[in-house]
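[1] Everything below, folded, please.
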Amino acid sequence: MNESPLSTETRGTALYITLDTPGCAVNIFTDKAARQLVEILGALGPDVRVVVFRSAKAESFVNGASLMLGSAVSQPDDLPRLTAKIRRAYDAVENLRVPSVAAIRGNCYGCGVELTLRCRYRVAGDSYDTHVRMTEIADYLLVPTFGSTQYLPRLLGLENAADFLLWGQQWSAREALSRGLFHGCFPDTEFELAVDRVVTDLALRGASSLLSPPRTRPPVDVEGFGRRTRERIARLPPAYRDVYGACYALMERAALKETTGTADLEAEVLAAGQSILNPASKAAVAFFFVRQLSEQVTLRDAAAPKSAARVDCERSPGPRFLRDELEGRRLRGVTFHDLSDEPDSDALRVVSYGSHSTNATDVRSLAVSDVVELGPLDPTTSVALYAPAWRRGVQFAEIAVLRPSGVAQEAFQLLARA
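    The predicted structure follows:
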């Protein structure tokens, strides 16, 4: 087994750097990977005209850095020292003399996103497994460490950056392209060929027709948007407010500047070190491991049902938060339709369909509740969802199959995968 996290391959004038964390199902950017990357880029030959970053793991580009890093921080000043190797590697990517391309296939989370922000171009395969998300605030109550508070507001505009970084939206490859994070999105079956063509174009001409042209940053009323965002932060649980407030303050300052300076990145690292010491953040990191364990005993990794299910719901306030969340995920076998003819309904409907025609016996309700007692349920109801904290940004819910059936089981499998 190759014990090196990175391997290289030269194709003509392009250097392909492949990430493959040994003994791990996903890629984790470690100190060892950082040291190796600095060595590779430092030895770049004069014939190299493009550098490409890709993953050997079909379902993971980079899922983050080691969460054990936080346990070594006893005071804010510890973090700059502990993250120095990774930050040096990211700086080396940004300062390359030739174009760099992040060829993203699979999950790209947290500091994986921050690695791609240092590349000149980001392209992705349009697949179920390819999506991007900033996990630091949403999952761990941590201010990011590797530059995203500075780069994202100027790249995406403050509102898009807040959706993505502050509120933890998960974007598909196509959504990331439409928001301005990616420069290209290609069908997964054509991804490798498309990347090779982009690389060839860049090497020969310094540009490619497959890449979206530079976008103008969306205009925003910083003062008005800042007021609304701070009001939203004030509605969060008290233990969350300082971390969210510190993160947004960094983003807002970045949105008002044209370039990122060393002092800006150092301010982010210091804020990150302070957030790691927050008791709520320590609890959130610990809860991450509980979630990881729970996933091992759920159906998240089960194969998609042969006859898929459709989740229908209306736009009334009850289940809207859940629908919006599910719509943001590219989930095989699930489509969404408004039930405008049932304006008073406050449930989602789960409909089984496959090669056969849908009929009334296929319909099941998915009752959505903010209270433990769901109340009287329709006899045909077979699935209930209890999600009291979802509207406040806590993405945790219980799904119960009230009456076993094939349709309910398929629906549960699909929701678990989401």
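
[2] Where does residue 181 fall, secondary structure wise?
    In the assignment (DSSP states H and E), residue 181 maps to no helix and no strand.

[3] mind checking how far it is from residue 78?
    31 Å (CB to CB, to the nearest Å). From N, CA and C alone the C-beta is placed, and that goes for glycine too.

[4] got it, and residue 237?
    Taking CB to CB, one finds residue 237 at 27 Å from residue 78.

[5] The two - which one has more neighbours?
    Remark: of residue 237 and residue 78, residue 78 carries more neighbours, 16 against 11, as counted by other CB atoms under 10 Å.

[6] I'd say that one and residue 273 touch.
    Yes - shown here, residue 78 and residue 273 form a contact pair, counting by CB atoms under 8 Å, at 6.4 Å.

[7] give the contact list for residue 108.
    61-63, 116, 130-133 (CB atoms under 8 Å, 6 or more residues apart in numbering).

[8] rerun at 7 Å
    If a contact means CB atoms under 7 Å, 6 or more residues apart in numbering, then residue 108 has 61-62, 116, 132 as its contacts.

[9] Looking at these, spot the one nearest residue 21.
    Nearest to residue 21 out of the contacts of residue 108 is residue 62 (CB to CB; 8.8 Å).

[10] Report the beta-bridge partners for the closest one.
    With DSSP bridges as the criterion, residue 62 is bridged to residue 108.

[11] That one against residue 29, yeah?
    Yes - if you go by CB atoms under 7 Å, residue 62 and residue 29 touch, sitting 5.5 Å apart.

[12] Find residues that contact each of the two.
    By CB under 7 Å, 6+ apart, the residues touching both residue 62 and residue 29 are 112, 115.

[13] Confirm that residue 29 lies within a helix, as I assumed.
    No - with DSSP: H, G, I helix; E, B strand; the rest coil as the criterion, residue 29 is assigned coil and is not in a helix.

[14] Please, which helix or strand holds the residue nearest to residue 105 when sequence neighbours are not counted?
    Spatial nearest neighbour of residue 105, excluding adjacent residues (CB to CB, 6 or more residues apart in numbering): residue 125 at 4.4 Å. Assigned by DSSP H and E, residue 125 belongs to strand 121-126.

[15] which is the next helix or strand following that strand?
    strand 131-133.

[16] Which elements pack onto whichever helix or strand comes after that following strand?
    Note on strand 131-133: by DSSP H and E, the next helix or strand toward the C-terminus is helix 136-140. Secondary-structure packing of helix 136-140 (3 or more CB pairs under 7 Å, 6 or more residues apart in numbering; DSSP states H and E): helix 238-255, helix 279-295.

[17] Can you list the buried residues in helix 136-140?
    136-140 (16 or more other CB atoms under 10 Å).

[18] Equivalent analysis for stretch 267-287, please.
    Quick answer for stretch 267-287 (16+ other CB under 10 Å): 267-276, 278, 280-282, 284-285.

[19] Okay, helices next: where are they in the stretch 151-300 of the chain?
    Remark: helices assigned in the stretch 151-300 of the chain by DSSP state H, counting those that start in this stretch are 158-161, 173-179, 191-205, 222-234, 238-255, 262-276, 279-295.

[20] Can you add mean pLDDT and distance to residue 34 and give those back as TSV?
    Output for the helices of the stretch 151-300 of the chain, formatted as TSV (pLDDT from 0 to 100; distance: least, CB to CB, whole Å):
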stretch	mean pLDDT	distance to residue 34
helix 158-161	95	25
helix 173-179	94	25
helix 191-205	96	24
helix 222-234	95	33
helix 238-255	95	23
helix 262-276	92	15
helix 279-295	70	21
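
[21] Of all these, which one comes closest to residue 24?
    So among these, helix 279-295 is nearest, using CB to CB, at 12.9 Å.

[22] Count residues in the vicinity of the residue lying closest to residue 163 once chain neighbours are set aside, would you?
    Nearest non-adjacent residue to residue 163, counting by CB to CB, 6+ apart: residue 169, 4.8 Å away. By the criterion of other CB under 10 Å, residue 169 has 19 neighbours.

[23] Quick one: residues contacting the nearest residue to residue 195 once chain neighbours are set aside.
    Nearest residue to residue 195 in three dimensions, chain neighbours excluded: residue 103, at 4.7 Å (CB to CB, 6+ apart). For residue 103, the contact set (CB under 7 Å, 6+ apart) comprises 52-54, 123, 195.

[24] Generate a PyMOL selection restricted to the buried entries among the residues you listed.
    Buried residues among the contacts of residue 103 (16+ other CB under 10 Å), as a PyMOL selection:
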select buried, resi 52+53+54+123+195
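
[25] could you dump the contacts of residue 103 to CSV with distance to residue 216?
    Shown next, in CSV, are the contacts of residue 103 (distance: CB to CB, whole Å):
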residue, distance to residue 216
52, 27
53, 27
54, 29
123, 20
195, 26
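
[26] Shouldn't the residue nearest to residue 195 be within a strand?
    Yes - under three-state DSSP, residue 103 falls within a strand.

[27] per-residue confidence at it?
    Note for residue 103: predicted pLDDT of 98.

[28] which stretch of helix or strand covers the residue nearest to residue 260 when sequence neighbours are not counted?
    Spatially, and ignoring its direct neighbours in sequence, residue 260 is nearest to residue 150 (4.5 Å; CB to CB, 6+ apart). Under the criterion of DSSP H and E, residue 150 resides in helix 148-156.

[29] So what touches that helix?
    113-114, 117, 134, 161, 164-165, 179-181, 217, 247, 250-251, 254-255, 260, 264-265, 268.

[30] quick revisit: run through the bridge partners of the residue nearest to residue 195.
    residue 123.

[31] my guess is the residue nearest to residue 105 contacts residue 182, does it?
    No - with contact defined as CB under 7 Å, residue 125 does not reach residue 182; the gap is 10.6 Å.

[32] shared neighbours of these two, anything?
    The contact lists of residue 125 and residue 182 share residue 173, where a contact means CB under 7 Å, 6+ apart.

[33] The stretch 1-150 of the chain: strands as residue ranges?
    6-11, 14-19, 50-55, 60-62, 100-104, 107-109, 121-126, 131-133 (DSSP state E, counting those that start in this stretch).
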